[in-house]
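**Q** Take this sequence and fold it.
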Amino acid sequence: MFTAATLERGLVNALAHRRISLAKQERRTLSTDPWNKAAKSGFQDLVDKVSSWCGHDPGLPNDLTNAVKRRNYLAHSFWYDKEPEMEAEVPRGRLIAELADDIDTFHLLNARVVAAVINPGLEDLGVSVED
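**A** Model prediction:
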């Protein structure tokens, strides 16, 4: 769940950077904190808002939607569905491996969001990746 939350926070950052960039381009002052405003969005709403900015990684929107589904399953059903498997040692090992795969998936998706959305957004603001 932590890595899913990290991915979600990356989307919040992408949306906030985008709002700041648009305000800068339009030479207007934001009246609300863009991070607080973005953080009020649900995970799927964030994916929907950020999907159009994934041009360099066209598969990213679909993968993010799948990540939302997986995160929701982990949060709401996984432990109930897998409870019998937690009782035996061998299936428990498979569950741990499954969760480790989820961790890797969420980390990789976050890295893709950074490369496809966040870094270009920062560059639009005049901040280089090195900065």
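**Q** in the chain, which spans are helices?
**A** 2-25, 34-39, 43-50, 60-76, 78-86, 89-113, 119-124 (DSSP state H).
**Q** could you redo those helices as JSON lines and give each row mean neighbour count, distance to E130 and mean pLDDT?
**A** The way it works is simple: take the backbone N, C-alpha and C, and place the C-beta from them, glycine included. Shown next, in JSON lines, are the helices of the chain (neighbours: other C-beta atoms under 10 Å; distance: least, C-beta to C-beta, whole Å; pLDDT from 0 to 100):
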{"stretch": "helix 2-25", "mean neighbour count": "18", "distance to E130": "17", "mean pLDDT": "91"}
{"stretch": "helix 34-39", "mean neighbour count": "16", "distance to E130": "23", "mean pLDDT": "91"}
{"stretch": "helix 43-50", "mean neighbour count": "19", "distance to E130": "24", "mean pLDDT": "95"}
{"stretch": "helix 60-76", "mean neighbour count": "16", "distance to E130": "24", "mean pLDDT": "96"}
{"stretch": "helix 78-86", "mean neighbour count": "11", "distance to E130": "40", "mean pLDDT": "87"}
{"stretch": "helix 89-113", "mean neighbour count": "14", "distance to E130": "17", "mean pLDDT": "92"}
{"stretch": "helix 119-124", "mean neighbour count": "18", "distance to E130": "11", "mean pLDDT": "84"}
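**Q** of all those, which lies closest to D131?
**A** Of all the helices of the chain, helix 119-124 sits nearest to D131, with 8.0 Å by C-beta to C-beta.
**Q** Now tell me what touches the closest one from outside.
**A** By C-beta atoms under 8 Å, 6 or more residues apart in numbering, the residues outside helix 119-124 that reach it are 14, 17-18, 21, 53, 56, 128-129.
**Q** isn't V50 right next to I118, touching?
**A** No: contact between V50 and I118 fails when scored by C-beta atoms under 8 Å: they sit 9.5 Å apart.
**Q** okay, and the common contacts of those two?
**A** By C-beta under 8 Å, 6+ apart, the residues touching both V50 and I118 are A14.
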